[in-house]
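>>> any chance you could fold what I've pasted below:
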Amino acid sequence: MTKPALSQRNPQAYGVFLTLAGVMIFVPDALVMRLIGGDMLALAFWRGLLAGSIFLAANLILARHTMPRRGEWFDKKGLLVIALNAAGMITWCSAMEYTTAANALLVLATAPFIAALLSWLTLRETIDRATALAIGLVFLGVLVIASGSLGKGRLLGDGFALMNATAIAAYYVTLRTTGRRNMLPHVALGSILGGILALPFADFVPVDTTTALLIFLSGAIILPGAAGLLMLGPRYLPAPEVSMITLLEVILGPLLVWAVIGENPGQMTLIGGSVIVITVALHTARRLSQPQGVV
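Numbers count the residues shown, from 1 in each chain. Alright, predicted model coming up:
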C-alpha cells in the first residue's frame, strides 16, 4: 500500500514547509542584488527574462495541461496579472536602486494591509477595527521610515517600495478572483514584460564571471524558486499563517545585508520598521487565535 503524500496526510504542515522554503530562498535576494551592484534596471531586465523563461518552461514541462486556453491569455484578469507583475518587477528593482534594502523590505511588509484596503474597495469586504488600527500603524511606520530618508536621497526609493507593495497587494487580490485557474503563465509574461520595459532605461556595463553567476542566481533560481513556492504554500495555509512566515524575510533580509556588506539601515528605519514588524506580528497572532472563518 502506497503511503499518502505529506500534502494529503498533513496539508497544514505541507503548507508551512512550502511557504517557509520560499521565504528562506527569498531571504538572500536583497544581498545578492547588492553584491551584483551596478544599475538595478539593468538587473531588472535580466531578472525578468530569466524568471519569466523559467516559469514558462516549468509550466510546459510539469503541467502542460494547465496552460491557458486561447481566450484566456489576454482576457481582463490575465492582462491585469501580467501588468501587475511587470510593475512589481520594475518598482522592486527601482526601490533597491534608490533606497536601502531595509527600507525596501520593511515597506514591502505593508502589502497585506494594502490588500485589505483594495479588497474593501473592489470586493466590498469588510475591515474590522483591529485591522483598521493595524493599517494605520503600519503606515505610521512607513512615515517614520520616510522621515529618516529626507535629505539622504532615499525618499524616491521609499516611494518605489510603496508602489511595489501596492502592486503585490493588487496582484494577490486579483488572484483571489481567478479561482483555481492557473495564472503562472501570466506571471511569466509579466516578468518578461517588466524586463523589456526596463530595457530603455537600463545602463548595461560589462560584467565578470562572478557577477554573471550572481545575476543567474538572482533571476533563474532565487526569484522563480521562491515565487513558485510562495504561490503554492497559501493553498494549504490560512492567510495569517502565511503572513507570519513571510515576516521572516522582512526581518532576516535587512539583517543579512547589514551583516555582510555593512549597509546600516539607520535609526529611523529601525524605529519605523519595529512599528511595522510588531504590528504585523500582533495582528497575525490575533488572526491565528480566532476560530477558522472569523475575520
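
>>> export the helix or strand where Val138 lies as CSV, just CAs?
Taking DSSP states H and E as the criterion, Val138 maps to helix 129-149. Extracted in CSV, the C-alpha atoms of helix 129-149 (Å, rounded to 0.1, in the frame of the first residue of the first chain):
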residue,chain,number,x,y,z
ARG,A,129,-11.5,47.7,13.9
ALA,A,130,-8.3,45.7,14.7
THR,A,131,-7.3,45.6,11.0
ALA,A,132,-8.1,49.3,10.6
LEU,A,133,-5.9,50.1,13.5
ALA,A,134,-3.1,47.8,12.1
ILE,A,135,-3.4,49.6,8.8
GLY,A,136,-3.0,53.0,10.5
LEU,A,137,0.0,51.8,12.5
VAL,A,138,1.9,50.2,9.5
PHE,A,139,1.5,53.4,7.5
LEU,A,140,2.7,55.3,10.5
GLY,A,141,5.8,53.1,10.4
VAL,A,142,6.2,53.9,6.7
LEU,A,143,6.1,57.6,7.5
VAL,A,144,8.7,57.2,10.2
ILE,A,145,11.0,55.4,7.7
ALA,A,146,10.4,58.1,5.1
SER,A,147,11.3,60.8,7.6
GLY,A,148,14.7,59.2,8.0
SER,A,149,15.1,59.3,4.3
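
>>> what about the nearest residue to Ala63 once chain neighbours are set aside, how many neighbours?
Spatial nearest neighbour of Ala63, chain neighbours left out: Asn182 (7.2 Å); criterion: C-beta to C-beta, 6 or more residues apart in numbering. Any C-beta I mention is one placed from the backbone N, CA and C, and that applies to glycine too. Applying other C-beta atoms under 10 Å, we find 16 residues neighbouring Asn182.

>>> and what of Arg235?
Around Arg235 there are 12 other residues, counting by other C-beta under 10 Å.

>>> which residues touch the residue lying closest to it once chain neighbours are set aside?
Computed as C-beta to C-beta, 6+ apart, the closest residue to Arg235 that is not its neighbour in sequence is Gly15, at 7.0 Å. The contact partners of Gly15, taken as C-beta atoms under 8 Å, 6 or more residues apart in numbering, are Gly233, Pro234, Arg235, Tyr236, Leu237, Glu241.

>>> repeat for Ala111
Per C-beta under 8 Å, 6+ apart, neighbours of Ala111: Ala165, Thr166, Ile168, Ala169, Tyr172.

>>> so the second one is in which element?
Yep, that's Thr166 we're talking about. Residue-wise, Thr166 maps onto helix 155-175 under DSSP H and E.

>>> which elements pack onto that helix?
Helix 155-175 is packed against helix 76-98, helix 101-108, helix 111-122, helix 129-149, with contacts defined by 3 or more C-beta pairs under 8 Å, 6 or more residues apart in numbering; DSSP states H and E.

>>> how far away is Ile135 from Arg176?
18 Å (C-beta to C-beta, to the nearest Å).

>>> give me the pLDDT for Pro206.
We have a pLDDT of 91 for Pro206.

>>> any idea how far it is from Thr178?
42 Å.

>>> higher neighbour count, the two?
Neighbour comparison, Pro206 and Thr178: the larger count goes to Thr178, with 15 against 6 (by other C-beta under 10 Å).

>>> phi first, then psi, for that one.
phi -100, psi 0 (degrees, to the nearest 10).

>>> what residues are up against it?
Residues near Thr178 by C-beta under 8 Å, 6+ apart: Lys77, Val81.
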